[in-house]
Structures are given as structure tokens and as C-alpha cells.
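Visitor: my questions are about this predicted structure, shown below with the sequence.
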Amino acid sequence: MIKGIYSSEAAMRPKMARMEVLANNLANINTTGFKRDRVFVRMLEQSAQAAADGRGDMTGVTTGRYIDTTAGSLQQTDNPLDLAIDGDGFFAVQTPRGTRLTRNGNFTLSTEGVLTTSEGYPVMGVNGAIRLPERDRLDVRSLSVSQSGEVVLNKEPLGQLRIMVPERPDALQKDHESLMFVDQSERLLDVAPDRVNVRQGFVEESNVEGIEEMIAMIELSRGFETDQKMIQSQDATLDRSLEIGRV
């Protein structure tokens with residue numbers, strides 16, 4: 001009976017973790033460049049690692065997360081500062097915490113003429129930050145970005161966007177909203193310009209499928225309620241057994 005309660009509780013824990021992830025995904029459904037999280041369940045590889053307290057191997061049930069890097073749809077904005085990557089790769093961004101990767105190409109210009117994210121982080125080029133001269137008199141309509149990521153202003157090359165990918169895609173971690181990073185032990189690789197496909201005047205939407213996430217949330221809620229009822233039923237049966245034992 002006790003093991004049955006533990007089994008129900010173990011089944012609830014992954015559901016709680018997944019519910020939290022689904023809620024966060026839905027909250028960012030309109031966040032440009034956002035990549036949804038996924039949850040997977042892990043089991044202990046060796047049953048000897050499980051505690052001998054009546055739970056059996058139920059204590060070995062844990063959850064993990066990974067980032068779904070599937071591309072979102074591209075939305076045309078006709079803003080020369082909006083960029084999207086059609087294919088593999090991430091824009092490299094310089095932050096106080098180090099290099100970050102993003103698919104959010106909703107860029108702007110700082111007062112110094114530096115191409116930045118909406119949070120103010122410089123967008124990295126192969127030779128440093130992309131800087132546009134004469135910010136006060138600049139007409140952004142004269143700015144063009146080629147498919148390979150070359151930034152040109154009035155036919156004058158200003159730099160090459162740095163497009164990068166993690167050596168191990170599963171090493172990606174979330175920093176803040178659409179910013180991602182890898183640990184220092186992991187490597188970031190530059191994507192060759194001939195393999196880059198940058199679209200100017202477009203932004204990439206979130207890859208969250210609202211209907212799919214809502215259906216999954218409803219199913220989880222029902223499953224969670226079922227597990228709760230099972231625990232309540234087993235607890236009531238246990239109480240009755242104890243009452244019989246007292247007679």
C-alpha cells in the first residue's frame with residue numbers, strides 16, 4: 001500500500017515539472033526568437049542506487065530539460081534593422097556575462113551607432129561590434145545586410161555578422177528569454193559565411209505552438225488529478241486497515 005502511494009507521487013513529480021515548462025512556454029509565445037523547453041524523464045540506471053525504504057526504484061525518477069531549437073516562422077517587418085536567420089546558427093551577442101546566442105534579430109542602434117539587441121547588448125561581428133558611422137545623420141534605409149551576413153552602408157562594407165553554433169546542441173542553456181549560452185567547457189563554432197542565410201527585414205517568431213501546449217496542459221491536469229485521487233484512495237484504505245488492526 002505504501003509503495004502504491006510512492007508510485008503515484010513519483011508519477012506526479014514529472015507532471016509538475018512539465019506543467020511549469022508548459023506555462024513558461026505559453027508565457028513566451030509572443031517573444032521574438034524564443035525557443036520552447038521540453039521535458040524528459042530519467043530513471044536510475046542501477047537499481048542499487050535506490051533507497052531501501054519501501055519506495056523501490058521510484059526515487060530514481062527525475063526530470064531534465066532541453067531546448068527545442070526548431071526554427072520559428074519568419075515574420076516580415078520591412079525594418080532594415082530586423083534580421084532573421086533562415087537555417088542553422090545564432091547571432092552572437094556580447095554581454096557582461098560573456099558571449100550569448102540568440103535568434104531574436106529585433107535589433108536597434110545605440111546612441112554611438114552600435115548595432116544592439118533590445119536589451120542594449122552589442123551584436124558581434126567577426127572583427128568586433130558592428131558600428132554604423134554618423135548615427136545622427138544616418139538613414140537606416142541605406143543599410144543592407146547580405147544573405148551571408150555582410151553589413152553594408154551606402155555600398156561601404158562595415159563588417160561581417162558573427163553567426164555561431166554550439167559544438168554540442170544539447171549543451172545549450174537558457175540565460176534570459178531568447179538569450180542562450182554554453183558552459184566554458186563547451187565550444188562555440190563560427191558558421192562559414194557561405195553557409196549562412198540572413199534575411200533582412202524579417203524577425204523569427206517563437207517556435208511555441210499554442211494549441212499543442214494547451215492540449216498538453218489539459219492532459220497533464222487531468223493526469224495530475226487522477227494521481228491525487230489515487231493517493232487519497234490508497235490513504236483512506238490504509239486508514240481503514242489500521243482501524244481494523246486496533247480491534
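Guide: Right, received. Where do you want to start?
Visitor: how's the protein carved up into domains?
Guide: For the chain, automatic domain parsing gives the domain ranges 2-70+208-246, 74-204.
Visitor: now the first one: mean pLDDT?
Guide: Domain 2-70+208-246 shows a mean pLDDT of 75.
Visitor: what's the answer for stretch 94-108, then?
Guide: Computed over stretch 94-108, the average pLDDT equals 95.
Visitor: with adjacent residues omitted, what lies nearest to the residue nearest the centre of the chain?
Guide: By Cα atoms, centre = their mean, the chain has its centre lying nearest to residue 35, at 3.9 Å. Nearest residue to residue 35, sequence neighbours excluded (Cβ to Cβ, 6 or more residues apart in numbering): residue 67, at 5.1 Å. All C-beta spots, glycine's among them, are computed from the backbone N, C-alpha and C.
Visitor: could you list every residue that touches that neighbour?
Guide: If you count contacts by Cβ atoms under 8 Å, 6 or more residues apart in numbering, residue 67 has them with 35, 36, 37, 38, 172, 173, 174, 180.
Visitor: in the longest helix that the chain contains, what counts as buried?
Guide: In the chain, taking DSSP state H as the definition, the longest helix is helix 210-246. Burial within helix 210-246, assessed by neighbour count using 16 or more other Cβ atoms under 10 Å, is assigned to 213, 216, 217, 220, 224, 227, 230, 231, 234.
Visitor: ok, back up a step: is it true that the residue nearest to the centre of the chain touches residue 180?
Guide: Yes - using Cβ atoms under 8 Å, residue 35 makes contact with residue 180 at a distance of 7.4 Å.
Visitor: bridging residues for the residue nearest to residue 35?
Guide: Judged by DSSP bridges, the bridge partners of residue 67 are residue 37.
Visitor: what's the spacing between it and residue 101?
Guide: 11 Å (Cβ to Cβ, to the nearest Å).
Visitor: with residue 80 instead?
Guide: Distance from residue 80 to residue 101, by Cβ to Cβ: 23 Å.
Visitor: who has more neighbours, those two?
Guide: The neighbour comparison of residue 80 against residue 101 (other Cβ atoms under 10 Å) goes to residue 101, with 21 against 16.
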